[in-house]
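# Fold the following for me, if possible:
(4 chains)
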2 protein chains.
Amino acid sequence: MNKRAKVTKAQIIEAALNVAAEKGAGKVTLDEVAKVSGFSKGGLLYHFPSKEALISAMVQQLVDDTEAGRQQLLAQGDNALTAMIKAHARLSEQVQGNTAMAILAAAAEQPGLLSPVQQACQVLVQDINAESGDNPEAVLLMLACDALWFQDMLSISPFTAQQKEQLLQYMQRRAKELMP
Amino acid sequence: MNKRAKVTKAQIIEAALNVAAEKGAGKVTLDEVAKVSGFSKGGLLYHFPSKEALISAMVQQLVDDTEAGRQQLLAQGDNALTAMIKAHARLSEQVQGNTAMAILAAAAEQPGLLSPVQQACQVLVQDINAESGDNPEAVLLMLACDALWFQDMLSISPFTAQQKEQLLQYMQRRAKELMP
DNA sequence: AATAATAAACCGTCTGGTTGGTACAGTAAA
DNA sequence: TTTACTGTACCAACCAGACGGTTTATTATT
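Residues are numbered from 1 along each chain as shown, chains lettered A, B, ... in the order given. As a prediction, this is how the structure comes out:
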């Protein structure tokens, strides 16, 4: 059934994300994902005809989740910058640490699987540029936010949780100033 | 001999970086590095007792190179922020694109190999905070610069080369303003 | 409603290939 | 003679994917 298949696919992706988060990006193997998800390897390959397809789906889901969260914040009245900052902060907390690192590292094996991420970035830049009147300060804020996220992703953040919190608050204040 | 060994090690690391840049992070195998470097697999393992040791050396070299470039700029009279921005820009051009992505992705397989990177980041933040009088704007600029580098690394930059150039120029102007 | 037919979802094993690493005998240089 | 390798042969583990078979759900037929 269509619905059942969707649920199964989601479960497999979730399992893959867990494997990546817990064992590291290099350990995302079909066998391991099968074991964790509870489905068989054959079942995996029925839904995702190749490992690449699975990783691609993982990336897509991350992008979709982030974008959905951002849209929700926009609908609540936040400006593009603020929404982005909040969405990223939320994502950083979501699964403590390295879920996304895993995806990116896995995707790095097959360059090109990150193109959905790039597209999402482009949309973001356009939104922010449009709303800020091409103010480079706004783009800088966006980039700084990205960097915090990248650092968390790779567990190389030079900041304490407290410092990061202060930074994010400062950024949100700044975001309100910049957006008319 | 010590000198000869050093040269050989450097050649092996360079070969490994090339493999990573050309074939992707996941394809950095001992056999491939041996083939590209011109040394035998036995030779590799003589100098780097494990793959982990090799990757660790790759990361360390990247960090050292970047830090050396930054120190050079500092010695020439640039302030900490400007030096950092220039050093990153240089690094982005250096090997067109994905050398560093490869290192990071490879390192992601063995979490913890990135700790030299984290340490380097901490030093950077301290330098910039000290020199700017803990101005959060300076940290923001640094983060934005980081983000540009991360984006290049993963080939997900939403900017054209021209746009990035303009951004970097804007950032350098801003850096001069912020630094007394 | 019972049954048969068909398709979708899923299982578990097998295979061919790759990988990191070992062992070791031998060669060349310093 | 020690250091720096070469080259080969080898191994155990791992891995992606193929494959044939089995169960479950849906549809068609009687």
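
# In which helix or strand does the spatially most central residue of chain A reside?
Chain A has A:Leu62 as the residue nearest its centroid, 4.3 Å off, counting by Cα atoms, centre = their mean. Secondary-structure assignment from DSSP states H and E places A:Leu62 in helix A:51-75.

# which helices and strands does the next helix or strand after that helix pack with?
Counting by DSSP H and E, the next helix or strand C-terminal to helix A:51-75 is helix A:80-94. Under the contact definition 3 or more Cβ pairs under 8 Å, 6 or more residues apart in numbering or on different chains; DSSP states H and E, helix A:80-94 sits against helix A:51-75, helix A:115-132, helix A:136-154, helix A:161-178. (C-beta placed from N, C-alpha, C; glycine too.)

# got a list of contacts for the helix or strand just after helix A:80-94?
Scanning forward in sequence from helix A:80-94 by DSSP H and E, the next helix or strand is helix A:99-109. With Cβ atoms under 8 Å, 6 or more residues apart in numbering or on different chains as the test, helix A:99-109 has contacts from A:17, A:19-21, A:24-26, A:28, A:55-56, A:58-59, A:62, A:91, A:113-114, A:149, A:153-155, B:24-27, B:101-102, B:104-105, B:108-109, B:154.

# For helix A:99-109, what is the distance to the chain centroid?
10 Å (Cα atoms, centre = their mean, to the nearest Å).

# Average pLDDT for that helix, rounded please.
Mean per-residue pLDDT for helix A:99-109: 73.

# between it and helix B:99-109, how many degrees?
Counting by axes from the mean of the first three to the mean of the last three Cα atoms, to 10 degrees, helix A:99-109 lies at 120 degrees to helix B:99-109.

# Now helix A:99-109 - C-alpha only, CSV.
Taking Å, rounded to 0.1, in the frame of the first residue of the first chain, the C-alpha atoms of helix A:99-109 are listed here in CSV:
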residue,chain,number,x,y,z
THR,A,99,22.9,13.9,12.9
ALA,A,100,23.5,16.3,10.2
MET,A,101,27.2,15.9,10.2
ALA,A,102,26.6,12.3,9.4
ILE,A,103,24.4,13.2,6.5
LEU,A,104,26.8,15.7,5.1
ALA,A,105,29.8,13.4,5.5
ALA,A,106,27.9,10.6,3.9
ALA,A,107,26.8,12.8,1.1
ALA,A,108,30.3,13.9,0.6
GLU,A,109,31.1,10.5,-0.6
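
# wait, does it contact DNA strand D?
No. Using Cβ under 7 Å from any atom of the strand, helix A:99-109 never reaches DNA strand D; the gap is at least 9.3 Å.

# does any bit of the lowest-mean-pLDDT helix or strand in chain A sit next to DNA strand C?
Sorted by mean pLDDT, DSSP states H and E, the helices and strands of chain A end with helix A:99-109, the least confident at a mean of 73. No. Counting by Cβ under 7 Å from any atom of the strand, DNA strand C is not contacted by helix A:99-109; separation bottoms out at 11.2 Å.

# and the residue of chain A at minimum distance from DNA strand C, helix, strand or coil?
Nearest residue of chain A to DNA strand C: A:Gly42, at 2.2 Å (Cβ to the nearest atom of the strand). Applying DSSP: H, G, I helix; E, B strand; the rest coil to A:Gly42 yields a three-state assignment of helix.

# residues touching it, list them.
Per Cβ under 8 Å, 6+ apart, neighbours of A:Gly42: none.
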